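Novice: give me a 3D structure for the following:
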Amino acid sequence: MKGIDQLRNSYERAELDETHSASGPLQQFERWLHDAITAKLPEPTAMTLATVGADGRPSTRVVLLKRCDARGLVWYTNYESRKAQELAANPQAALQLHWVELERVARIEGRVEKTSAEDSDAYYRTRPLDSRIGAWASPQSRVIASRVVLVTEAARIGARFMLDPPRPPHWGGYLLIPDTFEFWQGRRSRLHDRLRYTLQADGSWLRQRLAP
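Specialist: So this is what the prediction gives:
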């Protein structure tokens, strides 16, 4: 598309320095997530998930953050999807949250494991009925003939389980256990602020400034 090489923004909303950032990455992440939610940004919990399969080919998709705590970050999905197959082959992944309006990016890397069946059951029960049915109806990442396939299967599942579908055995949560966080704050003249936190062998976090 002509002209896109001339599209530019000057980032001037905020700054990120060592003095005012949290000593631990989870606290810093929670601050920024709180800011994004408070600002009522569209989809403040949307994360790009990057995985690499056994063939060495990377892929990305957007998932929604559903929990973050001292253990890590959690999202839920189909265990038979492409991302699930890639995580089975290589349980290392990266997440990125881009809060455009705040001129901020948070990146997290680490090892991924499935959450417990009890955790997945508990979250599944909080989902709207149509979302619970959708988890059964969609053979995620597989080729289908048309949307009619999805609608027909959703109707069949709805008739089968009515108002109380159980969690499908092929659907549940993943937990990314982080070893690296990076926080990027846009700044004027492209001299952006970047702080990286790296997990050390003794369980502490090393905070370092990176060049933009």
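Novice: so residue 75: helix, strand or coil?
Specialist: What DSSP: H, G, I helix; E, B strand; the rest coil gives for residue 75 is strand.
Novice: contacts for the helix or strand hosting residue 84, please.
Specialist: Taking DSSP states H and E as the criterion, residue 84 maps to helix 82-89. Contact with helix 82-89 is made by 49, 51-54, 59, 61, 77-78, 93, 112, 140-141, 174, as judged by C-beta atoms under 8 Å, 6 or more residues apart in numbering. (C-beta placed from N, C-alpha, C; glycine too.)
Novice: remind me what the next helix or strand after that helix packs against, helices and strands.
Specialist: Note on helix 82-89: by DSSP H and E, the next helix or strand toward the C-terminus is strand 92-99. If you count contacts as 3 or more C-beta pairs under 8 Å, 6 or more residues apart in numbering; DSSP states H and E, strand 92-99 packs onto helix 25-38, strand 46-52, strand 104-114.
Novice: quick check: angle from the lengthiest strand in the chain to strand 92-99?
Specialist: Scanning the chain for the longest strand, with DSSP state E as the assignment, gives strand 171-185. Interaxial angle, strand 171-185 versus strand 92-99 (axes from the mean of the first three to the mean of the last three C-alpha atoms, to 10 degrees): 60 degrees.
Novice: sorry, back to before: adding distance to residue 150, mean neighbour count and mean pLDDT, write the helices and strands packed on strand 92-99 out as a markdown table.
Specialist: Shown next, in a markdown table, are the helices and strands packed on strand 92-99 (distance: least, C-beta to C-beta, whole Å; neighbours: other C-beta atoms under 10 Å; pLDDT from 0 to 100):
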| stretch | distance to residue 150 | mean neighbour count | mean pLDDT |
| --- | --- | --- | --- |
| helix 25-38 | 31 | 16 | 98 |
| strand 46-52 | 22 | 19 | 98 |
| strand 104-114 | 25 | 19 | 98 |
